[in-house]
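*Asks:* Requesting a structural model of the entry that follows:
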Amino acid sequence: MASSVLMRRFVPILLAIAAIVLLPLVALAAYANSLIYHPHTEEVAPNFAETQAVRIATEDGESLVAWYRAPQPGQPIFLFFDGNGGRPQIWGGRWRRISESGAGFLAVYYRGYSGSSGRPSERGLHLDARAGYDWLRAQGYQPRDIVIHGFSLGSGVAVRLASERAARALVLEAPFTGVDDVAAAHFTPLSRLLIRDSFRSREWIGGVQMPVLIVHGDADTLIPFSQGQALFALANEPKRFVRMRGSDHATLVRDGIYPHIAAFLAEHPSE
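*Replies:* Numbers count the residues shown, from 1 in each chain. Coordinates of the predicted model:
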C-alpha cells in the first residue's frame, strides 16, 4: 500500500522531469531547419563598384543570385559562401577589402536567399556550391585562380566543395565541425540525434587536398572556438590556424581577417 502511494506521488514528478528534458528536444526536432536557415528573400541590386548580379543555374533547376566582381589580371577570385542569415548588401567592408587587394569575388546566395529560387536544405546548398564553382570554370577561371571561402554555415558548404573540387586554397571563417556539434554545445548532446542537416565538416575535411586557412575568434558566442581548433586538427597540411583574440562570430572582417588571408595566399602562390 505504501509503495503504491509513493508511486502515485512520484509519477507526476517523473512526468514533469521528462517533459522538461524532452520538450526542448521535440521542439528542436520540429524546428531544426528554421534554426539553421534564416533566409532574406529580397533581391537587392549590387551596391559595390564594378560588381554585377549574375544568375546561375543549378543542376536541379534552381536559379541562384550571385554577386560577381572580376579580379585584376593575375589575382585570385574568391568563391564566397555566406552564413545562415547572410545577404550581400551587408558586406560592403568585405567586398572593399577583397577589391583593394586586386582580387575578385563570386558570392553565391543559396536557394531561397536574396532572390534565389527554391528552399534551403543541406543537399540543395551543396548543389548551389557546385553550381557556383562550375560557373567560374565556364568563365575561364582555372582551379589555381579560385579560393574557396566559407563563413559560418558557409564553412560547411565550402569544406565539402573543397573535398570534391580543386582550388588554390580553402579559407574557413568561424567554422564548425558540424551543425549537430553546434546544437550539442548550445542544447544537449542528445540534440545530435535530431539534426537532419548537419553539414559534418569533420567528415569531409580529411578529403581536402589544398592549403587550408582557418580563422576563428576566441570570443565567438555562436560557434565555439574549440570547434575551429578541432577542425584544424583534422585538416591536412599545409594549413594554418589564426586565433583572433577578442573577436566574436561576425567581427572577423572588421578585426583584420583579410591581411591574414593575403599572407597565407602569398605563402601558397598559384602554380
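*Asks:* Setting aside sequence neighbours, what's the nearest residue to Gly256?
*Replies:* Counting by Cβ to Cβ, 6 or more residues apart in numbering, Gly256 lies nearest to Met244, which is 7.4 Å off, once chain neighbours are set aside. C-beta coordinates here come from the backbone N, C-alpha and C atoms, glycine included.
*Asks:* so who does that neighbour touch?
*Replies:* Going by Cβ atoms under 8 Å, 6 or more residues apart in numbering, Met244 touches Val215, His216, Gly217, Asp218, Leu252, Asp255, Gly256, Ile257.
*Asks:* which element is Tyr226 on?
*Replies:* I think there's a mix-up here, since residue 226 is Ser and not Tyr. helix 225-234 (DSSP states H and E).
*Asks:* And that helix, what does it pack against?
*Replies:* helix 179-186, helix 201-204, strand 212-217, strand 239-244 (3 or more Cβ pairs under 8 Å, 6 or more residues apart in numbering; DSSP states H and E).
*Asks:* average pLDDT across the second one?
*Replies:* Per-residue confidence for helix 201-204 averages out to 98 on the pLDDT scale.
*Asks:* so how far is Ala250 from the closest residue to Arg144 other than its chain neighbours?
*Replies:* Spatial nearest neighbour of Arg144, excluding adjacent residues (Cβ to Cβ, 6+ apart): Ser270 at 3.8 Å. Per Cβ to Cβ, to the nearest Å, Ser270 is found 30 Å from Ala250.
*Asks:* out of the two, which sits in the busier spot?
*Replies:* Ala250 (19 against 16; other Cβ atoms under 10 Å).
*Asks:* mind pulling up the phi and psi values for that one?
*Replies:* Phi and psi for Ala250, reported as degrees, to the nearest 10, are phi -110, psi 20.
*Asks:* quick one: contacts for it?
*Replies:* Gly83, Ser152, Ala174.
*Asks:* change it to 10 Å
*Replies:* Gly83, Gly85, Gly86, Ile90, Phe151, Ser152, Glu173, Ala174, Gly217, Asp220, Thr221, Leu222 (Cβ atoms under 10 Å, 6 or more residues apart in numbering).
*Asks:* Enumerate every residue touching the first one.
*Replies:* The reference is to Gly83. Gly83 neighbours (Cβ under 10 Å, 6+ apart): 38, 150-155, 173-174, 222-223, 249-250.
*Asks:* From these, which land in strands?
*Replies:* Those of these mapping onto strands are Gly150, Phe151, Glu173, per DSSP state E.
*Asks:* For this protein, which segments count as helices?
*Replies:* Using DSSP state H, the helices assigned to the chain run over residues 2-36, 92-100, 122-138, 153-164, 179-186, 201-204, 225-234, 252-255, 257-267.
*Asks:* hang on, the earlier thing: among the contacts of Ala250, name the buried ones.
*Replies:* For the contacts of Ala250, a burial check counting by 16 or more other Cβ atoms under 10 Å picks out Gly83, Gly86, Phe151, Ser152, Glu173, Ala174, Gly217, Asp220, Leu222.
*Asks:* which residues of this protein score low on pLDDT?
*Replies:* 1-34 (pLDDT under 70).
*Asks:* Centre-most residue in it?
*Replies:* Gly154 (1.8 Å; Cα atoms, centre = their mean).
*Asks:* Give me the spatial nearest neighbour of that one, chain neighbours excluded.
*Replies:* Using Cβ to Cβ, 6+ apart, the closest residue to Gly154 is Phe81 (3.2 Å).
*Asks:* what's across from the one you found in the sheet?
*Replies:* Judged by DSSP bridges, the bridge partners of Phe81 are Val108, Gly150.
*Asks:* So what's the residue count around it?
*Replies:* 28.
*Asks:* Next up, the contacts around it.
*Replies:* Applying Cβ under 10 Å, 6+ apart, we find Phe81 in contact with 107-110, 125, 128-129, 132, 148-159, 161, 173.
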